[in-house]
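Peer 1: pasted the sequence and its predicted model underneath.
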Amino acid sequence: MSKSAASLVIATFLMGSTVGSVSAATPASGKSCTKVGQSSVVNSMKFTCVKSGAKLMWNQGTSSGSTIGNFPGMQKISLSSFANLAQLALTNAENAVPAINPPSTVKTSTVSKNSLANFLAASTPLKFSFFGPTPLSETGSNRAGALSLVTSDHRAVYRSQNAIPPWAVGFKLVTTDPQGRFIVATSATGDPGQPYAWRLAYKEQAGIWKYQSISGVSHPDNGQKNFDEVSLGAPGTYSIRLEFVAMTTFYGLGLSDSPSSVTPLLTSPQVRVAVLGDSWVTPSFSEVGPVHDWDGYPGALSWLSGWNVISAGVRGQGYLQPAGNETYKDRVVRDLVPQNPSVIIFTGSSNDHLFPDQQIADEMGRDIQTLQKADPDVLIIVCSPYENGGDQKAPGQSKAMQAQAKSLGVPYIDFINLPLFDQSNNGQHQLSNGHPTRFGSSYIAKELLTEIAALK
């Protein structure tokens, strides 16, 4: 099935927006509110009522999507419709992680400035498609028109910055430039001196998606704006996806052609799927060789499914095991509900292995009930831990979690009894030091998609 046909099916399955608006006093970050999960849009910023300690207050706000996003609003979807979409994705030959294509006629080189005729700002309405959380508009005078997940004035898409995922920008480019050139302008708002990287995925009009390199283009986070000239090798029609790490600021594109040469990559809405988890979601990698944050299994799932997969993982965390002074319960409503997901996938964590099985399952149940209260329309799916973790405790944990999910009417995917894999059947190097490799991430994504397709 072609992507256009799949898009028509998605449009058929999806229903209208169910996000409620609050009619009370104008919200602002930190001000009190009255009901968890309610939201209000003010000046293109969407504020959501969250619980912080014993208080209800408006969160820091995210872009409502009315100016920079293509398809704002949460879309309700049933389990059967979502399973059908997964089955369609599995049969769509165009859904694949991009091929590695070195050497290539496509080249990227760092230049001192935008030397091309035009510049298209990142926040220009209806020019780009966004993958991952909806980015925020920068407000500083030296960042006007730029977008990021963590801004220079300390706003962020998630309160937990440990969980902020990679994101991406997609567009189509029709270029008459003899070398097919455009310039990508970026900087970062992470730890000064640390590198950040963005990566180019591209597709010629009738070709397949390819990566120009696996590791991408790296720059130091020194507060400077960087310009990278991409040469596609020839004029033509191209699909482009720029994959960023979490702290990347995207300013826009330098163009030889007019801004009208750029249009959004997507022409219909993606299903928004959020994944709550630990370092397998973040992701963490222990393998030797080039790798990028988009190589985690949520990134691979986005390529294999055509969905917008929004990851929210914190290293070392679980339902009961804290990391960053939080557990899953602190993040699921506060960070994920404002992203307007149609589906939230809870994943098990081997970090909880020191706690009793039933205690883990009970905490998971409370987290699910909290989410159901905050957002009754979101579809919830629960996954067991992905592997035993070496102590053989996971089967008992999975059994208790499955019983709890069943009592709440929530579908459950049991990777322990499948089994997905463990350290003893790692012949294809799916795991390295307890974490998925790049290959393993694609394997997990394919198996997860297959299990979703089997849900009823």
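Peer 2: All right, it came through fine.

Peer 1: for the closest residue to Pro341 other than its chain neighbours, the count of nearby residues, please.
Peer 2: Closest residue to Pro341 apart from its sequence neighbours, by C-beta to C-beta, 6 or more residues apart in numbering: Ala274 at 4.0 Å. Placement of C-beta: from N, CA and C, glycine included. Neighbourhood size, Ala274 [other C-beta atoms under 10 Å]: 25.

Peer 1: got a pLDDT number for Ala274?
Peer 2: Predicted confidence (pLDDT) at Ala274: the value is 97.

Peer 1: which stretch of helix or strand covers it?
Peer 2: strand 272-277 (DSSP states H and E).

Peer 1: any idea which helix or strand comes after that strand?
Peer 2: helix 297-305.

Peer 1: and the contacts of that following helix?
Peer 2: Outside of helix 297-305, the residues within contact range by C-beta atoms under 8 Å, 6 or more residues apart in numbering are 85-86, 89, 95-98, 131, 165-166, 209, 243, 273, 275, 280-281, 283, 293, 307-311, 436, 440-442, 444-446, 448-449.

Peer 1: tell me which of those residues fall in strands.
Peer 2: If you go by DSSP state E, those have Phe131, Glu243, Val273, Val275, Asn308, Val309, Ile310, Ser311, Pro436 in strands.

Peer 1: would you reformat these as JSON lines and include neighbour count and distance to Pro220?
Peer 2: Listed next are the ones in strands among the contacts of helix 297-305 as JSON lines, based on neighbours: other C-beta atoms under 10 Å; distance: C-beta to C-beta, whole Å:
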{"residue": "Phe131", "neighbour count": "26", "distance to Pro220": "25"}
{"residue": "Glu243", "neighbour count": "25", "distance to Pro220": "19"}
{"residue": "Val273", "neighbour count": "25", "distance to Pro220": "33"}
{"residue": "Val275", "neighbour count": "26", "distance to Pro220": "30"}
{"residue": "Asn308", "neighbour count": "24", "distance to Pro220": "30"}
{"residue": "Val309", "neighbour count": "28", "distance to Pro220": "29"}
{"residue": "Ile310", "neighbour count": "27", "distance to Pro220": "28"}
{"residue": "Ser311", "neighbour count": "30", "distance to Pro220": "25"}
{"residue": "Pro436", "neighbour count": "29", "distance to Pro220": "28"}
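
Peer 1: what is the nearest of these to Val337?
Peer 2: Distance to Val337, by C-beta to C-beta, is smallest for Ile310 among those, at 11.5 Å.

Peer 1: what residues are up against that closest one?
Peer 2: Gly132, Pro133, Pro165, Arg272, Val273, Ala274, Val275, Pro298, Leu336, Gln339, Pro341.

Peer 1: so which of these wins on neighbours?
Peer 2: Pro298 (30 neighbours).

Peer 1: how far away is that one from Trp307?
Peer 2: To Trp307, Pro298 is 10 Å away according to C-beta to C-beta, to the nearest Å.

Peer 1: next one: Ile368
Peer 2: For Ile368, the distance to Trp307 equals 21 Å [C-beta to C-beta].

Peer 1: equivalent analysis for Val275, please.
Peer 2: Plainly put, Val275 is 11 Å away from Trp307 if you go by C-beta to C-beta.

Peer 1: so which helix or strand of the chain has the lowest pLDDT on average?
Peer 2: Using mean pLDDT, DSSP states H and E, the weakest-scoring helix or strand in the chain turns out to be helix 3-13, at a mean of 42.

Peer 1: where in the stretch 201-350 of the chain is pLDDT low?
Peer 2: Along the stretch 201-350 of the chain, the model assigns pLDDT under 70 to no residue.

Peer 1: show the model's pLDDT score for the closest residue to Ala312 other than its chain neighbours.
Peer 2: Spatial nearest neighbour of Ala312, chain neighbours left out: Ala163 (4.7 Å); criterion: C-beta to C-beta, 6+ apart. Ala163 carries a pLDDT value of 94.

Peer 1: dump the residue contacts of Ala163.
Peer 2: For Ala163, the contact set (C-beta under 8 Å, 6+ apart) comprises Thr282, Ala312, Gly313, Val314, Arg331, Asp335.

Peer 1: Val106: which of the residues you listed is nearest?
Peer 2: For the contacts of Ala163, the closest approach to Val106 (C-beta to C-beta) belongs to Thr282, at 29.0 Å.

Peer 1: would you mind measuring from the closest one to Arg315?
Peer 2: Distance from Thr282 to Arg315, by C-beta to C-beta: 6 Å.

Peer 1: for the stretch 301-450 of the chain, what spans make up the helices?
Peer 2: With helices called from DSSP state H, counting those that start in this stretch, the stretch 301-450 of the chain shows them at 328-331, 357-374, 394-407, 438-453.

Peer 1: okay, these in a markdown table with distance to Thr249 and mean neighbour count next?
Peer 2: Shown next, in a markdown table, are the helices of the stretch 301-450 of the chain (distance: least, C-beta to C-beta, whole Å; neighbours: other C-beta atoms under 10 Å):
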| stretch | distance to Thr249 | mean neighbour count |
| --- | --- | --- |
| helix 328-331 | 24 | 20 |
| helix 357-374 | 30 | 18 |
| helix 394-407 | 39 | 20 |
| helix 438-453 | 26 | 21 |
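
Peer 1: wait, which of those is closest to Leu255?
Peer 2: Set against Leu255 and scored by C-beta to C-beta, the helices of the stretch 301-450 of the chain come closest in helix 438-453, at 32.1 Å.

Peer 1: what's the closest one in contact with?
Peer 2: With contact meaning C-beta under 8 Å, 6+ apart, helix 438-453 is reached by 82-84, 86-87, 89-90, 97, 214, 280, 283, 285, 287, 291, 295-301, 303-305, 381, 383, 386, 413, 415, 418, 420-421, 428-432, 436.

Peer 1: give me the buried subset of these.
Peer 2: Among the contacts of helix 438-453, those buried by neighbour count (16 or more other C-beta atoms under 10 Å) are 82-84, 86, 89, 97, 214, 280, 283, 285, 287, 291, 295-301, 303-305, 381, 383, 386, 413, 415, 420-421, 430-432, 436.

Peer 1: show me what contacts the residue nearest to Asp414 when sequence neighbours are not counted?
Peer 2: Leaving aside its chain neighbours, Asp414 sits nearest to Ser384 (5.0 Å; criterion: C-beta to C-beta, 6+ apart). Counting by C-beta under 8 Å, 6+ apart, Ser384 touches Gly348, Ala394, Gln397, Ser398, Met401, Gln402, Tyr412, Ile413, Asp414, Phe415, Ile416, Asn417.

Peer 1: much appreciated, bye for now.
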